[in-house]
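# What would the 3D arrangement of this be:
(one chain, ligands or ions: 1)
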Amino acid sequence: MSDGLIPCPDCGKPLEVMKACGAIQYFCPHCNELKSGKRVRAAQAPQQDTPAAPDATPNQGG
Ligand SMILES: [Zn+2]
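Below you'll find the model as predicted:
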């Protein structure tokens, strides 16, 4: 299990998490710039192409 490294949404390098006054900021040493938490989180979140489809299987033995 990793420590939960967050990859940069631009270059993929692990970001440095900086907590400041309750706000969390991400800094990429590769891009040498701060990354918007929103973008980082969006990149982290799994792609939601299809909504949770109800997988109903009519397989009831009777
Ligand atoms: Zn980067």
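# need the contact list for the spatially closest residue to residue 13 that is not a sequence neighbour.
Ranked by Cβ to Cβ, 6 or more residues apart in numbering and with sequence neighbours excluded, the top spatial neighbour of residue 13 is residue 30, at 4.1 Å. The C-beta positions use only the backbone N, C-alpha and C, and glycine is treated the same way. Listed by Cβ atoms under 8 Å, 6 or more residues apart in numbering, the contact partners of residue 30 are 8, 11, 13.
# Then residue 15?
5-8, 26-28, 35, 40.
# Would you write a PyMOL line that selects the buried entries of the contacts of residue 30?
Only the buried entries of the contacts of residue 30 go into this PyMOL selection, using 16 or more other Cβ atoms under 10 Å:
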select buried, resi 8
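# Low-confidence bits of this structure, can you list those?
Scanning the chain with the threshold set as pLDDT under 70 gives 1-3, 48-53, 62.
# Contact residues of the protein facing the ion?
Residues of the chain lying close to the ion by Cβ under 5 Å from the ion are 8, 10-11, 28, 30-31.
# ok, back up a step: turn the contacts of residue 15 into CSV, including secondary structure and distance to residue 57.
Shown next, in CSV, are the contacts of residue 15 (DSSP: H, G, I helix; E, B strand; the rest coil; distance: Cβ to Cβ, whole Å):
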residue, secondary structure, distance to residue 57
5, coil, 38
6, coil, 37
7, strand, 36
8, coil, 41
26, strand, 42
27, strand, 47
28, strand, 45
35, strand, 43
40, helix, 38
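# Just the buried ones among these, please.
By neighbour count, with 16+ other Cβ under 10 Å, the contacts of residue 15 hold 6, 8, 26, 28, 35, 40 as buried.
# Reformat those residues as JSON lines; add distance to residue 20.
Shown next, in JSON lines, are those (distance: Cβ to Cβ, whole Å):
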{"residue": "6", "distance to residue 20": "16"}
{"residue": "8", "distance to residue 20": "19"}
{"residue": "26", "distance to residue 20": "11"}
{"residue": "28", "distance to residue 20": "16"}
{"residue": "35", "distance to residue 20": "14"}
{"residue": "40", "distance to residue 20": "15"}
